[in-house]
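Q: what follows is a predicted protein model with its sequence.
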Amino acid sequence: MDRYSNFTYYIYCDNLDLIEQACIHIFEQEGSRRVSLPTLSVEIEELRRRPWLLCNELWVIGLFVGSLGWTIVKILPQELLCRRTRDANRPRLSQLAMQLGTDAFYIGCSEEVSILMETDAKGSVFISGSVDRDNSEENKFFEEEINLVDRILSLEHLKRMYSTKPQRFFLLKVPQQMQTAEQKLQEEQNRRFNSWQEEFLDSYAKRYFSSMTSDELEQWKVRFRENSNQLFDEKGGKKLFRAWSYALQDLSDMASGFQKFEIAIGRLLGGTPNYWHLGNESLVYRAYTQQQQLEADGARLLFFQPTAKIKGS
């Protein structure tokens, strides 16, 4: 199964013309030149599998109309706006938010990164999460300090981030729908799990406990719900545990932790058609193979020729 990863920017502005002009201004200031989509220098299948091959010759920005007044931004290289231009004192995302006079944030989610970067119209930046890369400085996300590091959170922050009503945004005053999106996804997953568990218990009992009365079956199910480990330790428990573990693979797609937050926000703000998660078909791959469809869906694609190589891309 593919490892989950997703990198998305959100800008509180639904005017694509304004965002396009702001992006052009920022990139041209650093010497990058806007271009048309160039002739592809690698095989298309190679691009699908390794989109980062073009990072040092082409930067791609995709603007997608989202929901609740937000615009979704996907970029190659994926973390480009999180980094500073040469001699700058703030990341590009902060520059963009200041130029537009609005809020923006970035969510990066992968095995190595769980990062939320918030920035407002004044240029303030707040970063929470963690980075686990060999070449990364401790408690830093590129040039920026991580304000709240997962592994060294205070007790108060732990309570706020991992309660039944977790708080993720600490700089931006986002609407209630965004604050509760993760909680709602968790409730949805709980309902799915409970329904799945009842089906599993009924199926297992029908196969192995066919002589049980309905009352005995209900008592057994209650015991399982309250303390499944105790049943696993009893006679016949190993068989039950093996069946449970195997069947549990049906729920392998259920998100947890930071990924759950990332998915909840993406589903809420992603818009229709939803481009917040591009899966195995990256932005640059779609630019070369699905440009007409993207344009028909209201997307705006910008291409820039970079002046400097991106390290670690």
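A: Sure thing, it's come through.
Q: hey, let's count contacts and neighbours off CA atoms from now on
A: Noted.
Q: which helices and strands sit right next to whatever helix or strand Leu18 lives in?
A: Mapping Leu18 onto the secondary structure by DSSP states H and E places it in helix 16-29. For helix 16-29, the contact count by 3 or more C-alpha pairs under 8 Å, 6 or more residues apart in numbering; DSSP states H and E identifies strand 33-35, helix 92-100, strand 300-305 as packing neighbours.
Q: deepest of those, which one?
A: The highest mean neighbour count among these belongs to helix 92-100 (a mean of 23), with neighbours defined as mean count of other C-alpha atoms under 10 Å.
Q: partner strands of whichever helix or strand comes after that one, with direction?
A: Once the chain leaves helix 92-100, the next helix or strand it forms, by DSSP H and E, is strand 104-109. In the sheet containing strand 104-109, the strands it pairs with under DSSP bridges are strand 6-11 (antiparallel), strand 113-119 (antiparallel).
Q: quick one: strand 104-109 to helix 92-100, angle?
A: Here strand 104-109 runs at 160 degrees with respect to helix 92-100, directions being taken by axes from the mean of the first three to the mean of the last three C-alpha atoms, to 10 degrees.
Q: mind listing what's buried in stretch 273-287?
A: Neighbour counts over stretch 273-287 (16 or more other C-alpha atoms under 10 Å) mark 274-277, 282-287 as buried.
Q: reformat those as a markdown table; add secondary structure.
A: A markdown table is the format used below for the buried residues of stretch 273-287 (DSSP: H, G, I helix; E, B strand; the rest coil):
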| residue | secondary structure |
| --- | --- |
| Asn274 | coil |
| Tyr275 | coil |
| Trp276 | coil |
| His277 | coil |
| Ser282 | coil |
| Leu283 | helix |
| Val284 | helix |
| Tyr285 | helix |
| Arg286 | helix |
| Ala287 | helix |
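Q: how about residues contacting the helix holding Leu18?
A: Counting by C-alpha atoms under 8 Å, 6 or more residues apart in numbering, the neighbours of helix 16-29 from elsewhere in the structure are 13, 33-34, 63, 65, 71, 92, 95-96, 99-100, 300, 302, 304.
Q: can you give me the helices in the stretch 51-200 of the chain?
A: Using DSSP state H, counting those that start in this stretch, the helices of the stretch 51-200 of the chain run over 92-100, 155-162, 176-179, 181-208.
Q: Ala247: neighbour count?
A: Applying other C-alpha atoms under 10 Å, we find 14 residues neighbouring Ala247.
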